[in-house]
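Undergrad: Kindly generate the corresponding structure for this input.
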Amino acid sequence: MINSKPYVIGIDMGGTNTVFGIVDARGVVLASDSIKTRKHSKFEDYIDELYTETMRLVRSVDAEDKIYGIGVGAPNANYFTGMIEDGVNLPWPTPIPFAQMLSEKFGIPVAITNDANAAAIGEMTYGAARGLKDFIMITLGTGVGSGIVINGQVVYGHDGFAGELGHIIVKRNNGRLCGCGRTGCLETYCSATGVARTAREYLEITDTPSRLREIPIEDITSKDVYDAAMAGDKLAKDVFDYTGKILGEALADFTVFSAPQAFVIFGGLAKAGDLILKPVREAMEKNMLSIWKGKVQVLLSELKEADAAVLGASALGWEARKATQTPPAVVSPTPLKA
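TA: Next comes the predicted model:
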């Protein structure tokens, strides 16, 4: 007989890492782990490793036969179809029937949404957006994602793809080529990869002394730029000012669309703190339509980097369970292969 205490699995697939966790009904992440998203050239091999490592985690907390569902946040995942339809930051051909493949592998219901939407749900339930009914989550990682919440509901649009604010074009002329195939997208400037790209450009077009010149230019990462900026490196600080200015201008434009109470900034790049938040806030206010000046906050996520998306995704796991109406006794993971 199944234990009466239920759990769900929350999975956050990022362009670099996939984080997964076991979550109880109170929203407590009992345990979490991760795998490298790009490790495998075949998606089936990725699924196999995700299954193996997740089941190991399930067993470590004695949660076998207690998992009710799985919720997933993934790039360009469609809540309505369960497909990853255009994973521009992923190494596999799309579309991918991710929800179906995962459900068949684990033997339990699966629901999926955009990774930034999942983070927004987690932030609204457990983090900085608690009590807010209108806000926009901006995730700054390998790419730039967004989750738009209006009147307490995530906005999906008619086809499940609403809210791809990372692909708003911010440079109409001579913009950077984006993985989506267009040029000038916000993602190419304000993601972690965008910061590294800006640093490389600055090193090539200026003579400004910088500790970044000690690193092979093709190896520079956003972490290198952050470390240099924290050490007082002028060129690195200029990179963050440039990045923050572009993001702040974009947030002022986004405000016109949904009049959010706040923007919540999440992801690896958010760890830069005031290095990026100060120019973001200044540029946003400078470019804000007068009726919203001083009204919109820019907040840092209050959740651990992994937990926001994992918790948000886990909420979808409960929805998946309800949608199937599957008796609990049947909702249990299949045994690991020998």
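Undergrad: Quick one: mean pLDDT over stretch 17-31.
TA: For stretch 17-31, the mean per-residue pLDDT is 91.
Undergrad: again with stretch 188-199
TA: If you average the pLDDT over stretch 188-199, you get 97.
Undergrad: The helix or strand where residue 23 lies - contacts with which helices or strands?
TA: Here residue 23 sits within strand 17-24, counting by DSSP states H and E. Strand 17-24 is packed against strand 7-13, strand 29-36, helix 43-60, helix 305-324, with contacts defined by 3 or more CB pairs under 8 Å, 6 or more residues apart in numbering; DSSP states H and E. No exception for glycine: its C-beta is placed from N, CA and C like everyone else's.
Undergrad: Figure out the length between the terminal residues of stretch 223-239.
TA: 12 Å (CA to CA, to the nearest Å).
Undergrad: quick one: contacts of it?
TA: 195-196, 198-199, 202-203, 206, 208-212, 215, 240, 271-272, 275 (CB atoms under 8 Å, 6 or more residues apart in numbering).
Undergrad: Could I get the buried residue list for that stretch?
TA: 224, 225, 226, 228, 229, 233, 235, 236, 237, 238, 239 (16 or more other CB atoms under 10 Å).
Undergrad: Pull the distance from the lowest-mean-pLDDT helix or strand in the chain to the chain's centre.
TA: Every helix and strand in the chain was compared by mean pLDDT, DSSP states H and E; the lowest is helix 305-324, with a mean of 77. Offset of helix 305-324 from its chain centre (CA atoms, centre = their mean, to the nearest Å): 14 Å.
Undergrad: by how many degrees do it and strand 17-24 diverge?
TA: On the basis of axes from the mean of the first three to the mean of the last three CA atoms, to 10 degrees, helix 305-324 is oriented at 60 degrees to strand 17-24.
Undergrad: and helix 305-324, C-alpha only, in CSV?
TA: The C-alpha coordinates for helix 305-324 follow below in CSV (Å, rounded to 0.1, in the frame of the first residue of the first chain):
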residue,chain,number,x,y,z
GLU,A,305,19.2,29.4,-7.6
ALA,A,306,18.0,25.8,-8.1
ASP,A,307,15.0,25.9,-6.0
ALA,A,308,12.9,28.6,-7.8
ALA,A,309,12.5,26.6,-11.0
VAL,A,310,12.4,23.2,-9.2
LEU,A,311,9.6,24.4,-6.9
GLY,A,312,7.7,26.0,-9.7
ALA,A,313,8.1,22.9,-11.9
SER,A,314,7.0,20.7,-8.9
ALA,A,315,3.7,22.6,-8.7
LEU,A,316,3.0,21.3,-12.2
GLY,A,317,3.6,17.8,-11.0
TRP,A,318,0.6,18.1,-8.7
GLU,A,319,-1.4,19.4,-11.7
ALA,A,320,-0.3,16.4,-13.8
ARG,A,321,-1.4,14.0,-11.1
LYS,A,322,-4.9,15.6,-10.9
ALA,A,323,-5.3,15.7,-14.7
THR,A,324,-4.8,12.0,-15.0
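Undergrad: that older thread, what lies in contact with the strand holding residue 23?
TA: 5-12, 29-37, 46, 50, 53-54, 57-58, 61, 63, 67, 306-307, 309-311, 314, 317.
Undergrad: Pairing partners for that strand, with directions?
TA: strand 7-13 (antiparallel), strand 29-36 (antiparallel) (DSSP bridges).
Undergrad: For residue 90, find the nearest of those strands.
TA: When the strands paired with strand 17-24 are compared by CB to CB, strand 7-13 sits nearest residue 90, at 8.0 Å.
Undergrad: Just the angle for that closest one relative to helix 43-60, thanks.
TA: Using the same axes, to 10 degrees: strand 7-13 against helix 43-60 is 140 degrees.
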